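In: This is a predicted model, with the sequence first.
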Amino acid sequence: MFIEVKSETDMKLFGNLIGSHLEGGEFIELIGDVGSGKTTITKGIANGMGVESNVQSPSFTISRVYDGRDNLSLAHYDFYRLNDAGIMANELQEMADDKNTVTIIEWAGIVDDILPKDRLSIKISPLSEFSRKLEIVSGGCRSDRLLGVLK
């Protein structure tokens, strides 16, 4: 599925749509170059989940966790600076087993083999200074449900 967003506001609104339909246990992989809008869409998802904290990129901290609505948590990972999955593999497995946590991962290549196959992958490609093309692919039943909401 392909979607074009024309502004940062549209990116946040699209993320909000996703976040408002999350139930917990979902994995979302964000793919795109630096500055493509991965953290922007994450802010929208967080908003849709009822997160009230200021969402920031975890580029230097590797992960951040936020509390949302209905006892949901949002775990946001950025593995851009990671050369080896190391102990992060155990933490990601814990997240996969936690049905109250939604996990968003940027730069997932280093941990691709330990991520669940059932994840929503969103590849963000710039079309212009402000607009982006989103290629959205689901990897299983749970992410298929999300994809259905987005159509």
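Out: All right, it came through fine. Numbers count the residues shown, from 1 in each chain.

In: Need the residues that contact the helix ranked longest in the chain.
Out: As assigned by DSSP state H, the longest helix anywhere in the chain is helix 8-20. The contact list for helix 8-20, computed with Cβ atoms under 8 Å, 6 or more residues apart in numbering, reads 3, 5, 28, 37, 40-49, 68, 120, 130, 132, 134, 146, 149-150. Yep, even glycine has a C-beta here, placed from its N, CA and C like the rest.

In: Just to be sure, which of these are found in helices?
Out: T40, I41, T42, K43, G44, I45, A46, N47, G48, L146, V149, L150.

In: Pull out the buried members of those.
Out: When the ones in helices among the contacts of helix 8-20 are checked for burial by 16 or more other Cβ atoms under 10 Å, the buried set is T40, I41, T42, K43, G44, I45, A46, N47, G48, L146, L150.

In: For those residues, give me a markdown table that also has distance to P126.
Out: Converted to a markdown table, those look like this (distance: Cβ to Cβ, whole Å):
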| residue | distance to P126 |
| --- | --- |
| T40 | 12 |
| I41 | 13 |
| T42 | 17 |
| K43 | 18 |
| G44 | 18 |
| I45 | 20 |
| A46 | 23 |
| N47 | 23 |
| G48 | 23 |
| L146 | 24 |
| L150 | 20 |
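
In: Give me the helices and strands touching the lowest-mean-pLDDT helix or strand in the chain, please.
Out: The helix or strand of the chain with the poorest confidence is helix 88-97; it has a mean of 76 (mean pLDDT, DSSP states H and E). Counting contacts by 3 or more Cβ pairs under 8 Å, 6 or more residues apart in numbering; DSSP states H and E, helix 88-97 is packed against strand 73-78, strand 101-106.

In: Quick one: closest of the ones you listed to H21.
Out: Nearest to H21 among the helices and strands packed on helix 88-97 is strand 101-106; the distance by Cβ to Cβ comes to 10.6 Å.

In: Within its sheet, name the partner strands of the closest one and how each one runs.
Out: strand 27-31 (parallel), strand 73-78 (parallel) (DSSP bridges).

In: Quick one: those strands as a markdown table, columns for distance to S63 too.
Out: Rendered in a markdown table, the data for the strands paired with strand 101-106 read as follows (distance: least, Cβ to Cβ, whole Å):
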| stretch | distance to S63 |
| --- | --- |
| strand 27-31 | 14 |
| strand 73-78 | 5 |
